[in-house]
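A.B. asks: Would you be able to build a 3D model of this:
(2 chains)
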Amino acid sequence: MQKRQVQEFMTAFGGLVDHCFVSCVDDFTSKALSTRETGCINRCVLKWMATQQRVSDRFQEHNQNLAQQQANQASR
Amino acid sequence: MSFLGMGRPQPTSEQKIEAVEAEMLAMASSYNSLQKNCQAKCIPNDFREAELNKGESVCLDRCVSKFLDTTQKVSEIMQQQGQQQGMQQGGSGGLF
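C.D. replies: Got it, this is the predicted structure:
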C-alpha cells in the first residue's frame, strides 16, 4: 500500500513537471531558467495544486451524494 | 439445492480482495483522467496568475459533473449493447 502511494506520488509529480515544463519553458537561448519562466513555473505549480484540490472536492461530493442516494434507496 | 444461499459457491477472501483491488485501480484511473481532462479543458496554459479565477473554478465544477455523467452514460450504453447482443446470440439474454 505504501509502495503504491509512493508510485502514485511519483506519477503525479512527473505529470506536474511535464505540464509546467511544456507550458512555461520555451526559450532555449540560455542554459538557466529566465525570470519569466521561473515565475510561470511558480504560478503553474500553485495553480495545478489548486485545480487538483477543487476537482478532488467535487469528486468527493459526487461520491457522497451517490452513497446517500444508495442508502436512501436501501432504507426505502 | 440452495438454502439461504448456502448452495452457492462463496467467493474466497482472496477473490474478494482481488475484486476490491481491481475496483480501486479502475477508480484511481478514472479519477486521474478526470483531473487531467478538466485541467486541460478549463485551465489556460499561460499561467498569468497562480490562483484559480471565478471562471476557471466554475468551469472545473461543471467539468467534474459532466465527466462523471459521461462516465455513467457510456457505461449505460455499453450495458444496453451487451444486453442486446446477449439476446441476439443466446435468446434467453442476461449475463454477458
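
A.B. asks: how about low-confidence regions in chain B?
C.D. replies: Counting by pLDDT under 70, chain B shows low-confidence ranges at B:1-8, B:90-96.

A.B. asks: And the helices in it, which stretches?
C.D. replies: Ranges of helices in chain B, per DSSP state H, are B:13-42, B:54-90.

A.B. asks: Could you give me the buried positions within the shortest one?
C.D. replies: Along helix B:13-42, the positions that meet the burial threshold by neighbour count (16 or more other Cβ atoms under 10 Å in any protein chain shown) are B:34-35, B:37-39, B:42. Using the backbone N, CA and C atoms, a C-beta is placed for each residue, glycine as well.

A.B. asks: now it and helix B:54-90, what's the angle there?
C.D. replies: Orientation of helix B:13-42 against helix B:54-90 (axes from the mean of the first three to the mean of the last three Cα atoms, to 10 degrees) gives an angle of 130 degrees.

A.B. asks: Show me what helix B:13-42 is packed up against.
C.D. replies: Packing partners of helix B:13-42 (3 or more Cβ pairs under 8 Å, 6 or more residues apart in numbering or on different chains; DSSP states H and E): helix A:2-24, helix A:35-75, helix B:54-90.

A.B. asks: All set now, cheers.
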